[in-house]
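[1] Below are the sequence and a predicted model for it; my questions follow.
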Amino acid sequence: MATLLQGSCSSTRPAVHSLGVSLDGRTSGSISFLSQLHNLSFKTFERRCHVQRLTMGTLVRAESISKQVEVDLSLSPRVNFVKPSRTVAITDHATALVQAGVPVIQLAVGEPDFDTPTVISEAGINAIREGYTRYTPNAGTMELRTAICHKLNEENGLTYTPDQILVSNGAKQSCLQAVLAVCSPGSYMTREGGKAGGPLLEEGVFLVNKDITVGISQEVIIPAPFYVSYPEMARLADATPVILPTLIPNNFLLDPEVLKSTINEKSRLLILCSPSNPTGSVYPKKLLEDIANIVAKHPRLLVISDEIYEHIIYAPAIHTSFASLPGMWDRTLTVNGFSKTFAMTGWRLGYLAGPKHFVAACGKIQSQATSGASSVSQKAGVTALGLGCCGGGVVSTMVKAFEERRNFLVESFRELGGVKISEPQVHFTYSLISAPIMEQKQKAMVSSSTHNLYANIYLIRHRVALVPGSAYGDDKCIRISYAASMSTLQTAMDRIKRAIVHLKAAVPN
């Protein structure tokens, strides 16, 4: 900034000195100083300077506004392809209604309604008191990774070393990093001596060392109903999600023949979630073996096995880790965490186990994104894994309560005509459909899709927050979370019954 000092004298006026402020080579404002300051009070001088500063500021702002350039508000195509979570949207809507005084019952979020077991919380508190509040290694503390290896060996029959474990900020981060690490916009068929990579010229065509090569878009196979984030993870990796529908008579389990007919040269990942979110179904070992036999015939196909619900399971269902099957260890990335089993959703702690080559790649992504998980949470995680097989007594108490709630809802829905249910074998959510009612109502109200129509009716008119099945890849279903007290579920069930009676009355004969 250049400054210009100007002055003048007069026998009748006090001398005035002006300090001009030049912006971009032009004088756009000035502040005047009186040479005979002894004739003025300090407050008078201060007021005059303030007025001049306001004037100058106004001029500068006016000039700035006149030359303002419109900001480019465009977003990355990758982000534009990603859909927001409907579970979050419905939960936010329900929360807003509650805050406005509307007594909404929230059965949308799959989150345990129990507090974290005291012994685990105390471990976190002690970690803070003892100053264990600094960065940890990116992959997680050796103490926790060693404990995870022990857990996987004892409970899942899987053998890993600490360098084959990556601790992250929740199982969702572990899943996303796995998808990002192994998927790409295309598989590069380079000419001899060429290196894969380069800018995308047009769909399916890449520039590789001045040679044009054909890229085949990779696919991620996802059985539906699915966890809401799986398809979006694929899209974030520039891969294509391929959705395989399942049927309620089959408990929403993947048909191996459908998988077999779907796999092709573009298939890179199969995401299995067992025990399943959102259906609550558990894949029997025989069915997993059939799937493994199909996967084994395709060297490029890897598997992400999401096992976050493994311990919230009801007899006689038995959990089997996919990586424990013959020939599957080398191609399986096992994802698990602490949120569901130990009611530690807010602690944000999960992990990935797999071959070192893939785990190291995921660690590279994490090192540039979040780095290591919370040091306090990791200390709490060590204590959680030390509670004994399957979480010990504190976890079994939660599971027993969830099973009682599940039984109540299953019995209640069986009493209703026109409703089909898939009885969950695990955790605290399940899907139901009201086939004749919903299909006829959809014909009567063509402008509204069935799933959104019914979720909105339950939320707005009957004050129960549910998630439409379309969020999970099946628009004939509605997902219910029974992570609520029995009294709350009883009230919710009364409201749902009234809603179904209302819908029956509205359907023409």
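    On my side now, so go ahead.

[2] Any idea how many residues pack against the closest residue to Arg300 other than its chain neighbours?
    Counting by Cβ to Cβ, 6 or more residues apart in numbering, Arg300 lies nearest to Arg268, which is 6.3 Å off, once chain neighbours are set aside. (C-beta placed from N, C-alpha, C; glycine too.) By other Cβ atoms under 10 Å, 24 other residues sit near Arg268.

[3] So in the chain, where's the weakest helix or strand by average pLDDT?
    helix 435-444 (a mean of 34; mean pLDDT, DSSP states H and E).

[4] Show me where the stretch 251-400 of the chain has its helices.
    For the stretch 251-400 of the chain, the helices defined by DSSP state H, counting those that start in this stretch cover 256-262, 285-295, 356-367, 375-385, 392-414.

[5] Make CSV from the ones you listed and add distance to Leu97 to it.
    Conversion of those to CSV gives the following (distance: least, Cβ to Cβ, whole Å):
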stretch, distance to Leu97
helix 256-262, 40
helix 285-295, 41
helix 356-367, 37
helix 375-385, 32
helix 392-414, 23
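
[6] Output the below-cut-off pLDDT ranges for the stretch 101-250 of the chain.
    Scanning the stretch 101-250 of the chain for pLDDT under 70 picks out the ranges 186-216.

[7] Now do the strands in it.
    105-106, 165-168, 187-188, 200-202, 205-208, 211-216, 219-224, 240-245 (DSSP state E, counting those that start in this stretch).

[8] Sheet-wise, list the partners of the second one with their directions.
    Okay, so that is strand 165-168. Strand 165-168 has its sheet partners listed here by DSSP bridges as strand 350-353 (antiparallel).

[9] same question, the first one
    Listed by DSSP bridges, the sheet partners of strand 105-106 and their directions read strand 464-465 (parallel).

[10] could you give me the average pLDDT of the following helix or strand past the strand it pairs with?
    Using DSSP states H and E, the helix or strand that follows strand 464-465 in sequence is strand 467-468. When pLDDT is averaged along strand 467-468, the result is 84.

[11] Just checking: what are the partner strands of strand 467-468?
    strand 478-481 (antiparallel).

[12] which ones are touching Gln177?
    Gln177 sits next to 166, 168, 352, 362, 365-366, 369 when contact means Cβ atoms under 8 Å, 6 or more residues apart in numbering.

[13] just the buried members of those?
    166, 168, 352, 362, 365-366 (16 or more other Cβ atoms under 10 Å).

[14] quick revisit: just the helices of the stretch 251-400 of the chain: most buried one?
    The highest mean neighbour count among those, using mean count of other Cβ atoms under 10 Å, belongs to helix 375-385: a mean of 23.

[15] counting contacts, what elements does that helix pack onto?
    With contacts defined as 3 or more Cβ pairs under 8 Å, 6 or more residues apart in numbering; DSSP states H and E, helix 375-385 has these neighbours: helix 118-129, helix 142-156.

[16] Report the angle between that helix and helix 142-156.
    30 degrees (axes from the mean of the first three to the mean of the last three Cα atoms, to 10 degrees).

[17] and the nearest residue to Thr240 once chain neighbours are set aside, how many residues sit next to it?
    Leaving aside its sequence neighbours, Thr240 sits nearest to Glu219 (Cβ to Cβ, 6+ apart; 4.9 Å). Residues lying near Glu219 (other Cβ under 10 Å) number 22.

[18] and what of the one 3 residues further on?
    Counted with other Cβ under 10 Å, residues neighbouring Ile222 total 24.

[19] roughly how far apart are it and Leu269?
    9 Å (Cβ to Cβ, to the nearest Å).
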